[in-house]
Each structure stands twice: as structure tokens, then as C-alpha cells.
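**Student:** Predicted model, plus sequence, below.
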Amino acid sequence: MSSNGTNGSAVAQSKGTAIVTGSARGIGKAIAIRLAHDGYDVCVNDIPANKAGCEEVRSEIEKLGRKSTIAIADVSKLSEVTAMVETAVKDLGELNLMVANAGIAQVKSLLDLSEDDLRRMFEVNVFGVYNCYSAAAKQMIKQGKGGKILGAASIVAFKPFPLLSHYSASKWAVRGLTQAFAMEMAEYKITVNAYAPGIVGTAMWELIDSELAKKKKMQKGEVIKKYVEELTALGRTSVPEDVAKVVGFLGSPDSEFVTGQTIVVDGGIIFT
Ligand code: NAD
């Protein structure tokens, strides 16, 4: 099988090319696989340390009969994001959907934050999303057929959590960028939306749970359990597929009249 091939089996017409950043694991992986199910050929992205995860995701996509390629890139660097878009277009064809999913979290009190903490949070979660939005938009404008751009926000973009202040601020910035980009991109028939997950059981929440547990003198696993029980109407921890289903809708023609929105998918924590 070629590195971006399809197993040689009969393959349905592609719905187009999607890039999903931070898709070696967690929510990004579930989104990449969902989009492949929905007919997209998918460019899988992550940082070099997660290349093995990217390869697993690519092989799952290929088993679904879709094409896939890998573009290792740090989304906080515009030149790497531009190269990622070029790789996706070269290997899979015109870009139709960008999912700027990659993000980082850190648990720290405001008084303990260093400038470097703040800078890195914004480099990945805000510059990273901006780089993906703008590189994708430029490519889509060149193609002249519109497109869809999505970014990862969070429930903390509506109501911050204490000890996650800079993370929360970075996700508010994603909401703001999404609204402004939506207005500016409308003339090119490009829609721009964000998704706002709640408490999803991924490596990111494992980190948040263990750090919050240390600060609150609780056992590992207790914080997430308490938050889910006390805050989530539907009473369970979210799984990445909950988010991927909403992204599937936002990436489909059914969402053609939706733009500038940040769609909450959290089992009932935040009510917009
Ligand atoms: P995760 O940590 O499990 O996965 C994130 C992936 O992004 C990792 O594979 C990581 O290597 C990659 N990544 C990090 N920095 C990168 C960079 N500079 N360039 C390219 N890739 C990079 O996290 P997740 O829970 O799957 O979260 C995915 C997105 O959803 C993030 O933006 C996160 O902030 C957001 N989110 C998550 C939750 C949650 O409860 N897990 C809730 C709300 C929002």
C-alpha cells in the first residue's frame, strides 16, 4: 500500500480533503476517524514526539478506504503550518476542511504563572489556531470554492475554571478569532466555527485531574469524578466521539448556514 494509498479496494468518491491538527490521539484522533467515515480524505498532524500515533491513525483511515497522509508540524510555527497545508493539498487534493484542534493545557494559579507559561499557552492555543485559520483560508480562497474552518475552543471559553486561567483566556481568544474570521471569510463562502467540549476523558484531562488533585489534596481521579457528578447534567464523562459527532456535522453540508458559532458539546455544563 502506498503511504497515502487506499488498499486498492473500491473507494467511494471523496468528499474532499480535511486537515485535523493534534490528531495522533484524543479528540483529534476521533475527529480524523469520524471525518474519514464521512468520506473525507484526512491529513493527520501532530508534533514529532507523536509520530507513531499519527501512523496508527493514518492506517485506521486507510482501512476505511479513504486516503490519508501525515504532516508533522508544530502549529505554533506559521512556516510549518504552511508546509502542512502544502503537503495535504499535494498528497490528497484541494483543501475543503481545516480542523484546528491541537491545544495544550496547564494547571497553575495566576500568581504562580511565569511569562513563559503564558507565552507558550498563547503560542499553541491562539497563534496555533490563527496560523491554521489563515493558512487554510488563503488556500481555500486560491481554490475559489469556499470551504469550512473549525477550531477547538472549550467550555472555559464561556466560564473560566480557576487554576486554568491562561488556558481559559486562550480559549476565549479562539471564540473571538472565530467570530471575526467568520465575518471576514463570508464573502469567500468560507464558514468558520468552533466546538467547545466539556470534560473529555483524554490525556489532557488526566493531566488536569492529577494537577488539580494535588492542589486540592484529593486522590487522582477524584476531581474529574466530582466535576462530572456536580457539573454535568447528563452525568457522565465525555468521550472524544461525543465531540467528533458535532465536528462531523460542522464539517458536513448540513451546517452550511452556520458560521461564527462556538458550539458547546459538554453534556450540560454550560448553557448558552
Ligand atoms: P490531548 O492532549 O489528548 O491531545 C492534543 C494533541 O495535540 C496531542 O496529540 C498533542 O501532541 C497535540 N499538540 C499539542 N501541541 C501541538 C502543537 N504545537 N502542534 C501540533 N500538535 C500539537 O488533548 P485533547 O483532550 O484531545 O484536546 C484536543 C483539543 O480539545 C485541545 O485544543 C483542547 O484544548 C480541547 N479541549 C479538550 C477538552 C478535554 O476535556 N479534554 C475540553 C475542552 C477543550
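**Tutor:** Arrived safely, thanks for sending. Quantities reported herein were computed from a predicted structural model and do not represent experimental measurements.

**Student:** for the residue of the stretch 51-200 of the chain at minimum distance from the ligand, what are its contacts?
**Tutor:** Using C-beta to the nearest ligand atom, the single residue of the stretch 51-200 of the chain nearest to the ligand is residue 103, 2.3 Å away. Any C-beta I mention is one placed from the backbone N, CA and C, and that applies to glycine too. Going by C-beta atoms under 8 Å, 6 or more residues apart in numbering, residue 103 touches 22, 124-125, 128, 152, 170, 204.

**Student:** ok, 10 Å please
**Tutor:** 21-22, 26-28, 75, 121, 124-126, 128-129, 151-154, 167, 170-171, 174, 204 (C-beta atoms under 10 Å, 6 or more residues apart in numbering).

**Student:** Of the residues you listed, which belong to helices?
**Tutor:** Counting by DSSP state H, the contacts of residue 103 place 26-28, 121, 128-129, 167, 170-171, 174, 204 in helices.

**Student:** Dump those residues into a markdown table; add pLDDT, distance to the ligand and neighbour count as well.
**Tutor:** Listed next are those as a markdown table, based on pLDDT from 0 to 100; distance: C-beta to the nearest ligand atom, whole Å; neighbours: other C-beta atoms under 10 Å:
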| residue | pLDDT | distance to the ligand | neighbour count |
| --- | --- | --- | --- |
| 26 | 98 | 2 | 21 |
| 27 | 98 | 4 | 28 |
| 28 | 98 | 5 | 31 |
| 121 | 98 | 10 | 24 |
| 128 | 98 | 6 | 29 |
| 129 | 99 | 8 | 31 |
| 167 | 98 | 7 | 23 |
| 170 | 98 | 8 | 27 |
| 171 | 98 | 7 | 29 |
| 174 | 98 | 8 | 26 |
| 204 | 95 | 3 | 19 |
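
**Student:** Throw the residues you listed into CSV and include distance to residue 270, thanks.
**Tutor:** Below are the ones in helices among the contacts of residue 103 laid out as CSV (distance: C-beta to C-beta, whole Å):
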residue, distance to residue 270
26, 20
27, 17
28, 22
121, 21
128, 23
129, 20
167, 15
170, 17
171, 12
174, 15
204, 18
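
**Student:** ok, those vs residue 42, which is closest?
**Tutor:** Using C-beta to C-beta, residue 28 comes nearest to residue 42 of these, at 10.4 Å.

**Student:** In terms of secondary structure, what does the helix or strand harbouring residue 209 contact?
**Tutor:** Counting by DSSP states H and E, the element that carries residue 209 is helix 203-215. Counting contacts by 3 or more C-beta pairs under 10 Å, 6 or more residues apart in numbering; DSSP states H and E, helix 203-215 packs against helix 26-37, helix 222-231.

**Student:** Touching that helix from outside, list them.
**Tutor:** Helix 203-215 has contacts (C-beta under 10 Å, 6+ apart) with 22, 25-27, 103-109, 154, 161-164, 167, 197-199, 201-202, 218-227, 237-238.

**Student:** measure the residue nearest to the spatial centre of the chain to residue 68 for me?
**Tutor:** The chain has residue 101 as the residue nearest its centroid, 1.6 Å off, counting by C-alpha atoms, centre = their mean. Here residue 101 is placed at a distance of 16 Å from residue 68 (C-beta to C-beta, to the nearest Å).

**Student:** Check residue 176 too.
**Tutor:** Distance of residue 176 to residue 68, computed by C-beta to C-beta: 32 Å.

**Student:** On the three-state scheme, the residue of the chain positioned farthest from its centre is what?
**Tutor:** Residue farthest from the centre of the chain, counting by C-alpha atoms, centre = their mean, is residue 217 at 31.5 Å. Using DSSP: H, G, I helix; E, B strand; the rest coil, the secondary structure recorded for residue 217 is coil.

**Student:** Same check on residue 59?
**Tutor:** When the rule is three-state DSSP, residue 59 gets the label helix.

**Student:** Quick check: it touching residue 68?
**Tutor:** Yes: checked against C-beta atoms under 10 Å, the pair residue 59 and residue 68 is within contact range at 8.1 Å.

**Student:** out of these two, which sits in the busier spot?
**Tutor:** residue 68 (27 against 11; other C-beta atoms under 10 Å).

**Student:** and the protein, what are its domains?
**Tutor:** Following automatic domain parsing, the chain resolves into domains at 16-198+239-265, 200-237.
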